[in-house]
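Colleague: coords below, sequence missing:
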DNA sequence: ATAATAAACGCAATCGATTGTTAGCTCAAA
DNA sequence: TTTGAGCTAACAATCGATTGCGTTTATTAT
């Protein structure tokens, strides 16, 4: 499988652990007490201006780097944000992390990542581990198995801010950063109707997950409002909305006596799968079957015809989540709130649904 | 842009910070000294078996959770691994992180992520920040601008293991986890030759980056070995191998008096772009133009015809990188090594290059 | 000039776990 | 009974930054 190439050891002179410069070193050098050094480095107001300047200059010269661990231990909180999401290597979630990381780093915070793989047990373990790491805040997108949220209670007790993003729990008092899934589902469906679709199928995700539940509701409401009948036969609940599931679902739909002329899929993967399968069966897209997905994943721009979809402002959601956490510490202790930020989505119309 | 909905504050009874259980609490409870508690929890051999059992049982009952910060401060190293990569939201790198995170968590390590956005300054800042966080090891994929590697020196001085993965520096004594880019480039090119291509173009990346440099060398060697002439006109150095660059390059190639009949692209993005553009110009793929990419990104399976490519074992590379770091501490101090792990790639032949 | 106030800085405890050293104890061999 | 090996466990220092409280010095007011 692979080869190992081991080079010569180099000499241990390189390995002498040099001591780091501490505030004590600076204190000795400048004949101040460590407390003064500490305060000066933090621009504390009770330290003279000249003193501050002198100390900071010397710190620079000595290449002093504060030991974050020591400060965290003393303060019982660290300048780091914990993340728990289902899967890192999914475009939406990767972008979410990107947004979180950028905003956090700008504020001098580290980001500690964990992934649950959509397993409840992993999520619980990760949430605990992040708690043990004394993160200053937690950003979570729930795993698909999660129904009970008691593993987050300890954060609330310690007043550590939690931000749920995208996949959020129903009953938990905390920050939330979400999109309007109902509106998005409604508009996506409405778009298909406007293109002339009369029988629209829906690839629905696990219904106990808020995002999928709401998208489906939006779909149903759009149909009803347009006087179209809701046919349960056309609503396919899927576990993971994977490529394979999408294919099977499409296969089934096409076999119906009265097959659909449009599909609204709750994600792009299944939508792309539908397009490829239907095309293979000689169905014309979008003329005979119009398709719209959800997420605006990269594949949506590559498939032919290009896939219409709903775009999630993933990075922005990450940035806002981070902001909530950073702001939290400035709030008064007894005004913990449950603040919901709902971001707009955008329908992106491409060739897979453009009939006119 | 978005709406904020602020709910009622809830009462501060929820916000009472409860003290955490420490080894001192356990010591008081069981009438042992803190040192005994500490050793017992770590299964130290100098503590009696019954004592250990009793202490661990009580710790469990009290829901004791060790304060990792305190231990890290004392030991001057934390159970966390730092990562610095160019961009989190790129399929290959996201998978790399996935692999690292899984392996790390299994060993009880946290993963702290930073991204450089391919900016040298960011990389330097991040590497420093991770050092300040006292990470127990560092995993790096170099940014495209990086030529100087002195920002890693402090790790070496403190004997903190560094693993370079994929994009590695030329002259730096450390662990490396890479693929055989030369062989991959060679085989990809060879494959096109076997399919009957006589004039093969190459989309090359920035040449000071090892991976792109080697892929190009492999391409050149394959041509030479097959008696085909290396035409500089057909080798296009690109900065980022983006979709746009791929398009422009293809446009240029097709305008040549003697256009190529094959393209080996150093990534999938540019390859897909080439396919789409060429198809738009009425060129038949693979008959008139065979294309092979690199990375096995999701889009490679969606484009039509599906893109032949070279697959990177991304997750595995992440796992191995983590393993190197975890193993490092078990090595003797004076045998620091530069160990290179070279993983095999796999050529995945799909429709974009299959002529026979 | 003296009292009063403000500004600048130091002392020492604290956060929680770890560990080298020391000391008490048991039991067996001499 | 004595000596010592082998366990077992405690003491106290340590990691580095922070902070309440107290002290000294400088400044202003009277």
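Modeller: Cool, the structure landed. Since we're looking at a predicted model, the values are computed, not measured.
Colleague: and the gap between the residue nearest in space to the middle of chain A and chain B?
Modeller: The residue lying closest to the centre of chain A (C-alpha atoms, centre = their mean) is residue A:96, at 4.0 Å. Note on residue A:96: its distance to chain B, by C-beta to the nearest C-beta, to the nearest Å, is 9 Å. Any C-beta I mention is one placed from the backbone N, CA and C, and that applies to glycine too.
Colleague: Now that residue. Nearest residue, chain neighbours left out?
Modeller: Sequence neighbours aside, residue A:318 is the residue nearest to residue A:96 in space, at 4.5 Å (criterion: C-beta to C-beta, 6 or more residues apart in numbering or on different chains).
Colleague: Show me which positions of the helix or strand where the one you found lies end up buried.
Modeller: Assigned by DSSP states H and E, residue A:318 falls within helix A:314-328. Buried residues in helix A:314-328, counted by 16 or more other C-beta atoms under 10 Å in any protein chain shown: A:314-326, A:328.
Colleague: I'd assumed residue A:167 was in contact with residue A:210.
Modeller: Yes: using C-beta atoms under 8 Å, residue A:210 is in contact with residue A:167, at 6.5 Å.
Colleague: Do a quick rundown of the helices in the stretch 1-150 of chain A.
Modeller: All helices of the stretch 1-150 of chain A, identified by DSSP state H, counting those that start in this stretch, fall at A:23-30, A:34-41, A:49-61, A:68-75, A:91-106, A:120-132.
Colleague: what's the most buried one of those helices?
Modeller: Stretch with highest mean neighbour count among those: helix A:91-106 (a mean of 23; mean count of other C-beta atoms under 10 Å in any protein chain shown).
Colleague: Direction-wise, compare that helix with helix B:120-132 and give the angle.
Modeller: 80 degrees (axes from the mean of the first three to the mean of the last three C-alpha atoms, to 10 degrees).
Colleague: tell me the mean pLDDT for helix A:91-106?
Modeller: Looking at helix A:91-106 alone, the average pLDDT works out to 97.
Colleague: other SSEs contacting that helix?
Modeller: strand A:80-85, strand A:110-115, helix A:314-328, strand B:110-115, helix B:120-132 (3 or more C-beta pairs under 8 Å, 6 or more residues apart in numbering or on different chains; DSSP states H and E).
Colleague: Output the below-cut-off pLDDT ranges for chain A.
Modeller: A:1-18, A:331-337 (pLDDT under 70).
Colleague: got the domain boundaries for it?
Modeller: If you go by automatic domain parsing, the domain ranges for chain A are A:18-66, A:77-179+A:314-345, A:181-311.
Colleague: got a list of what residue A:124 touches?
Modeller: residue A:151 (C-beta atoms under 8 Å, 6 or more residues apart in numbering or on different chains).
Colleague: can you tell me the distance between the two ends of stretch A:222-231?
Modeller: Length of stretch A:222-231, first residue to last, C-alpha to C-alpha, to the nearest Å: 13 Å.
Colleague: list the buried ones in it?
Modeller: Buried, per 16+ other C-beta under 10 Å, within stretch A:222-231: A:222-223.
Colleague: One more: stretch A:247-262?
Modeller: A:247-250, A:253, A:259-262.
Colleague: what's in contact with that stretch?
Modeller: Here stretch A:247-262 makes contact (C-beta under 8 Å, 6+ apart) with A:192, A:195-201, A:203, A:233-234, A:236, A:238, A:263, A:270, A:273-274, A:276-278, A:281, A:283, A:288-292, A:353.
Colleague: Return the residues of the stretch 51-200 of chain A in contact with DNA strand C.
Modeller: With C-beta under 7 Å from any atom of the strand as the criterion, the stretch 51-200 of chain A meets DNA strand C at residues A:51, A:70, A:73-74, A:76.
Colleague: so which of the residues you listed are also by DNA strand D?
Modeller: Within the set of these, contact with DNA strand D (C-beta under 7 Å from any atom of the strand) is found for A:70, A:73-74.
Colleague: Of these, which is the nearest to residue B:175?
Modeller: residue A:70 (29.0 Å; C-beta to C-beta).
Colleague: so what's that closest one closest to, chain neighbours aside?
Modeller: residue B:73 (5.4 Å).
Colleague: farthest-separated two in the residues of the stretch 51-200 of chain A next to DNA strand C?
Modeller: A:51 and A:76 (28.6 Å).
Colleague: which residue packs closest to residue A:130, ignoring adjacent ones?
Modeller: Residue A:130 sits nearest to residue A:82 (C-beta to C-beta, 6+ apart), 3.4 Å away.
Colleague: Provide a list of residues in contact with the one you found.
Modeller: A:112, A:114, A:130, A:133, A:135, A:137-139.
Colleague: Put the buried members of these into a PyMOL selection.
Modeller: Only the buried members of the contacts of residue A:82 enter the following PyMOL selection, criterion being 16+ other C-beta under 10 Å:
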select buried, chain A and resi 112+114+130+133+135+137+138+139
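Colleague: could the contacts of residue A:82 go into a markdown table alongside distance to DNA strand D?
Modeller: Formatted as a markdown table, the contacts of residue A:82 follow (distance: C-beta to the nearest atom of the strand, whole Å):
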| residue | distance to DNA strand D |
| --- | --- |
| A:112 | 20 |
| A:114 | 26 |
| A:130 | 21 |
| A:133 | 16 |
| A:135 | 17 |
| A:137 | 18 |
| A:138 | 22 |
| A:139 | 24 |
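Colleague: how about the residues of the stretch 151-300 of chain A near chain B?
Modeller: Within reach of chain B by C-beta under 8 Å from any C-beta of the partner chain, the stretch 151-300 of chain A has these residues: A:156-159, A:173, A:272, A:276, A:297-299.
Colleague: ok, now which ones touch the residue nearest to residue A:96?
Modeller: Residues counted as contacts of residue A:318 (C-beta under 8 Å, 6+ apart) are A:95-103, A:139, A:165.
Colleague: Please dump the residues you listed into a markdown table; it should also carry distance to residue B:40 for every row.
Modeller: Output for those, formatted as a markdown table (distance: C-beta to C-beta, whole Å):
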| residue | distance to residue B:40 |
| --- | --- |
| A:95 | 46 |
| A:96 | 42 |
| A:97 | 39 |
| A:98 | 44 |
| A:99 | 44 |
| A:100 | 39 |
| A:101 | 39 |
| A:102 | 44 |
| A:103 | 43 |
| A:139 | 36 |
| A:165 | 41 |
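Colleague: Going by distance to DNA strand C, which of the residues you listed wins?
Modeller: Distance to DNA strand C across the contacts of residue A:318 (C-beta to the nearest atom of the strand) is lowest for residue A:139, with 24.6 Å.
Colleague: returning to what we had before: would you mind measuring from the residue nearest to residue A:130 to residue B:22?
Modeller: 22 Å (C-beta to C-beta, to the nearest Å).
Colleague: Residue A:348 now?
Modeller: On the measure of C-beta to C-beta, residue A:348 and residue B:22 end up 54 Å apart.
Colleague: go on, residue A:50?
Modeller: Distance, residue A:50 to residue B:22, using C-beta to C-beta: 41 Å.
Colleague: try residue A:224
Modeller: 59 Å.
Colleague: repeat for residue A:232
Modeller: On the measure of C-beta to C-beta, residue A:232 and residue B:22 end up 57 Å apart.
Colleague: What of residue A:29?
Modeller: Taking C-beta to C-beta, one finds residue A:29 at 35 Å from residue B:22.
Colleague: same check, this time on residue A:252
Modeller: From residue A:252 to residue B:22 the distance is 59 Å (C-beta to C-beta).
Colleague: what do you get for residue A:145?
Modeller: Applying C-beta to C-beta, the value for residue A:145 to residue B:22 is 33 Å.
Colleague: With residue A:175 instead?
Modeller: With C-beta to C-beta as the criterion, residue A:175 and residue B:22 are 30 Å apart.
Colleague: picking up where we left off before, of all the helices of the stretch 1-150 of chain A, which lies closest to residue A:243?
Modeller: Of all those, helix A:91-106 comes closest under C-beta to C-beta, at 14.1 Å.
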